[in-house]
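[1] I would like to see how this sequence folds:
(one chain, ligands or ions: 1)
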Amino acid sequence: MNTPTTLRLHHSIFSASSQKVRLALVEKGLAHESVAVDLQAGEQHTPAYRALNPRGVVPTLIHGGAVLIESAAILEYLDDVFPEPALRPREPVARQRMRAWVRRLDDVHHPANGMMHYAILGRPALQALPPERLEAMLQAMPNRRDRALRAAAARQGVEAPEFADAVRTQEEMLDALDASLAGHAFLIGDEVSHADLVALPYVARLEQMGLLAVIDDAGRASLAGWYDRMKARPSWRETIGALPPQVIQHWQTLGRQAWPAIAPHLRRRPPTF
Ligand SMILES: N[C@@H](CCC(=O)N[C@@H](CS)C(=O)NCC(=O)O)C(=O)O
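    Numbering: from 1, shown residues only. Okay, the predicted model is just below:
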């Protein structure tokens, strides 16, 4: 039953931004109603959904009549309203560092992750669209940067200059994560925080693209240990770990086919590449 305090999440199980919020909901033990938004079918652009989220993106959380957008701001809201267990460090410097990570991941690594995703995994479906459908889909995207990256992924795929840039950007993310995790269990000390929940979907997407070697075999041992710790948590099992295995297998096949286009852009190429 829908009570004023029901949490209702509009999301896609494959979306990194949605996964961030779902990870936090599980970490906090918060039950919620789930409304699936089919991004491939363009449901994010229906007038009803765009009235909730004008940027036409997932996730959107509805709580007590409030419509909440932007995953990072939603995570802050959840901690404000449901303080325990806390997913933010109390100490101000640690909290600032956490927010800096969240900002960096959202601003810099989210678009790079999307570029890799659509150039490698989403392109077959984009190319199968009649040209006028593809154009309509691109035009429906209100954010100009998102639209330009999606167009490059659809038209040039792994040959796009934006793809090379995305691979380099994601390798920088791996290095920065690995450096921050040296000597710590989690990104901000010894407790899980928003920073870990926001980083996890992007690291997982690399594994889902068959690129785990860039973590395990490229000498990023602190990151590899963190990834194992994050995967041992119930929040992983109930969200990213529960994605359909046949989809992941298909993605890994597409990812391996893209290796020759990825490898030249890597600074630290694992021996298996
Ligand atoms: N900054 C936003 C980004 C949301 C976002 O980009 N969501 C993607 C999925 S991860 C989306 O809905 N894309 C719509 C599309 O592909 O048309 C947030 O964190 O909520």
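[2] am I right that residue 14 falls within a strand?
    No. Counting by DSSP: H, G, I helix; E, B strand; the rest coil, residue 14 is not found in a strand; it is coil.
[3] that one against residue 240, yeah?
    No. Taking contacts as Cβ atoms under 8 Å, residue 14 lies outside contact range of residue 240: 9.7 Å. Every residue, glycine included, has its C-beta placed from N, CA and C.
[4] dihedrals phi and psi, residue 58?
    phi -100, psi 150 (degrees, to the nearest 10).
[5] actually residue 189, not the one I wrote
    Torsion angles, degrees, to the nearest 10, at residue 189: phi 80, psi -140.
[6] state the pLDDT value of it.
    Among the per-residue scores, residue 189 shows a pLDDT of 91.
[7] just to check, residue 210 is in contact with residue 250?
    No. Between residue 210 and residue 250 there is no contact, the gap being 10.5 Å when judged by Cβ under 8 Å.
[8] the two: which has the busier surroundings?
    residue 210 (20 against 14; other Cβ atoms under 10 Å).
[9] ok, for that one, nearest residue in space, not its chain neighbours?
    residue 255 (3.5 Å; Cβ to Cβ, 6 or more residues apart in numbering).
[10] shouldn't that neighbour be within a helix?
    Yes. With three-state DSSP as the criterion, residue 255 is part of a helix.
[11] OK, contacts around it?
    Applying Cβ atoms under 8 Å, 6 or more residues apart in numbering to residue 255 gives the contacts 120-121, 208-211.
[12] which helix in this structure runs the most residues?
    Using DSSP state H, we find that the single longest helix of the chain is helix 161-181.
[13] from the rest of the structure, what touches that one?
    101, 104-105, 108-109, 111-113, 115-116, 119, 148-149, 152-153, 156-157, 187, 199, 202-203, 206, 214-215, 218, 220-223, 225-226, 261-262, 265-268.
[14] could you give me the buried positions within that helix?
    162-164, 166-167, 169-171, 173-174, 176-178, 180-181 (16 or more other Cβ atoms under 10 Å).
[15] and what of stretch 72-87?
    Buried, per 16+ other Cβ under 10 Å, within stretch 72-87: 72, 74-79, 82, 87.
[16] also stretch 190-203?
    Residues of stretch 190-203 classed as buried: 191-203 (neighbour count, 16+ other Cβ under 10 Å).
[17] correct me if wrong, but residue 67 is in a strand.
    Yes. Counting by three-state DSSP, residue 67 is found in a strand.
[18] list the contacts of the residue lying closest to it once chain neighbours are set aside.
    Nearest residue to residue 67, sequence neighbours excluded (Cβ to Cβ, 6+ apart): residue 52, at 5.3 Å. By Cβ under 8 Å, 6+ apart, the contact set of residue 52 is 10, 60, 62, 67, 69.
[19] what pLDDT does residue 52 get?
    Reported pLDDT for residue 52: 98.
[20] ok, it to the ligand distance?
    Residue 52 is 12 Å from the ligand, where distance means Cβ to the nearest ligand atom, to the nearest Å.
[21] tell me what the helix or strand of the chain with the lowest mean pLDDT is packed against?
    Scoring the helices and strands of the chain by mean pLDDT, DSSP states H and E places helix 213-216 at the bottom, with a mean of 87. Packing partners of helix 213-216 (3 or more Cβ pairs under 8 Å, 6 or more residues apart in numbering; DSSP states H and E): helix 161-181, helix 194-208, helix 221-231.
[22] just send those helices back as CSV, with mean pLDDT too.
    Listed next are the helices and strands packed on helix 213-216 as CSV, based on pLDDT from 0 to 100:
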stretch, mean pLDDT
helix 161-181, 97
helix 194-208, 98
helix 221-231, 97
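[23] between those, which one is closest to residue 44.
    helix 194-208 (17.5 Å; Cβ to Cβ).
[24] check whether that closest one contacts the ligand.
    No. Judged by Cβ under 6 Å from any ligand atom, helix 194-208 stays clear of the ligand, getting no closer than 8.1 Å.
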